[in-house]
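Undergrad: sequence unknown, structure follows:
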Ligand code: C5P
């Protein structure tokens, strides 16, 4: 303002001079000048007031309002949190690098470009499969898609729920970037009955990461399904206690699932979602990870292409592996001759139900698995 003052007084003097010539006398000129300068100050004051009020509202709306069903996620935080984790950029080698260099030390690396156009067009190496402190905020399209998967009547603030959860579990991605000196071999083990009598156990156990799903047992099935597990993917209604050193990866379908895992690792207040759930869960808290809804939608959009209401847990795990591993080998995927998703440990009579409901598209998923194998990105062990 002090810098503006000479300019303002010059301006007011000129205007007042004009006014004075109409009024005639020096007194009238002075009064006119004072009035005019007052008006300018009033105008300036009003402008400052408007500016400060809008600034105040911007800050309070961004920082002060919670996050519930009525608010688009963009309102959640003033700081836009990136969808991708810290290793972004480091993960993808520059085109010059990739033409010269392999992304890993295995004989075939998932990340190597130029092998399949279909794969390269759809593969997005920078989306984090894990929901962490760094990508709490979901893009609005992801948010609205995800909350409709299993709609809830009682709204929860995602931001608050995740903040509480990340006081109990690390909330960080443990996965690093590609390293031409590394060969991280992963076995994705589905629950198909085709594992029965396959004798794959020893082959599965040779992998660095062994990923299992839902109820998958190993005790008593070692010869066909292996005995080691590094990652176990479950949703609340399928969750079971895990051995020490196994990473529990929660696949959440609703905010209540995040409330449940926080409770199951601490106070035990939640016992029911749409079905009974474990009140307490015995798993290694430091190894719990949350499947990122943005990654979930990416698989639905890019890979299963909206066939089925959402991808099966097996598909989610397969693509998780394709984004954290260098080599991916697939076991225990495939329906029986009648198209049922039978299990290797039981006779599950109603395993074809999802076909009627349209929740998953088993045929489309089977085609994707074949295409990935054809593209040299995975090896499928077909079983018996
Ligand atoms: O039956 P459940 O969902 O626990 O199985 C885990 C995953 O294994 C499924 O989501 C599906 O992708 C895969 N599966 C399969 N063929 C079967 C059984 C399961 O491909 N017969």
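TA: Looks like it arrived, so ask away. Quick caveat: nothing in here was measured; it's all calculated off a predicted structure.

Undergrad: how many neighbours does residue 107 have?
TA: Residue 107 has 8 neighbouring residues, counting by other CB atoms under 10 Å. In this view, the C-beta of every residue, glycine as well, is placed from N, C-alpha and C.

Undergrad: hang on, it in a strand?
TA: No - judged by DSSP: H, G, I helix; E, B strand; the rest coil, residue 107 forms no part of a strand; its state is coil.

Undergrad: how near is it to residue 240?
TA: Going from residue 107 to residue 240 by CB to CB, to the nearest Å gives 36 Å.

Undergrad: which parts of this protein sit against the ligand?
TA: 190-193, 213-214, 312-315, 333-335, 341-342 (CB under 6 Å from any ligand atom).

Undergrad: tell me which of those residues fall in helices.
TA: 313-315 (DSSP state H).

Undergrad: closest one of the residues you listed to residue 300?
TA: Among these, residue 315 lies closest to residue 300 (CB to CB), at 9.1 Å.

Undergrad: go ahead and confirm that closest one touches residue 368.
TA: Yes - using CB atoms under 8 Å, residue 315 is in contact with residue 368, at 7.3 Å.

Undergrad: higher neighbour count, these two?
TA: Under the criterion of other CB under 10 Å, the comparison of residue 315 against residue 368 puts residue 315 first, with 25 against 19.

Undergrad: any idea how many residues pack against the closest residue to that one other than its chain neighbours?
TA: Among residues not flanking residue 315 along the chain, residue 365 sits closest, at 5.4 Å (CB to CB, 6 or more residues apart in numbering). Residue 365: 21 surrounding residues under other CB under 10 Å.

Undergrad: helices of the stretch 51-200 of the chain, start to end?
TA: Taking DSSP state H, counting those that start in this stretch as the criterion, the stretch 51-200 of the chain contains helices spanning 95-100, 117-122, 140-147, 158-168.

Undergrad: want to throw those helices into JSON lines with mean neighbour count, distance to residue 359 and mean pLDDT?
TA: Formatted as JSON lines, those follow (neighbours: other CB atoms under 10 Å; distance: least, CB to CB, whole Å; pLDDT from 0 to 100):
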{"stretch": "helix 95-100", "mean neighbour count": "10", "distance to residue 359": "38", "mean pLDDT": "51"}
{"stretch": "helix 117-122", "mean neighbour count": "13", "distance to residue 359": "22", "mean pLDDT": "97"}
{"stretch": "helix 140-147", "mean neighbour count": "18", "distance to residue 359": "15", "mean pLDDT": "96"}
{"stretch": "helix 158-168", "mean neighbour count": "17", "distance to residue 359": "24", "mean pLDDT": "96"}
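
Undergrad: compare these and give me the one nearest residue 295.
TA: Here helix 140-147 is closest among the helices of the stretch 51-200 of the chain (CB to CB), at 9.3 Å.

Undergrad: show me what the closest one packs onto, helices and strands only.
TA: helix 293-298 (3 or more CB pairs under 8 Å, 6 or more residues apart in numbering; DSSP states H and E).

Undergrad: give me the distance from the helix it packs on to the chain's centre.
TA: 6 Å (CA atoms, centre = their mean, to the nearest Å).

Undergrad: in that helix, which residues are buried?
TA: The neighbour-count check on helix 293-298 (16 or more other CB atoms under 10 Å) flags 293-298 as buried.

Undergrad: and these as JSON lines, adding distance to residue 321?
TA: Converted to JSON lines, the buried residues of helix 293-298 look like this (distance: CB to CB, whole Å):
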{"residue": "293", "distance to residue 321": "18"}
{"residue": "294", "distance to residue 321": "17"}
{"residue": "295", "distance to residue 321": "12"}
{"residue": "296", "distance to residue 321": "15"}
{"residue": "297", "distance to residue 321": "18"}
{"residue": "298", "distance to residue 321": "14"}
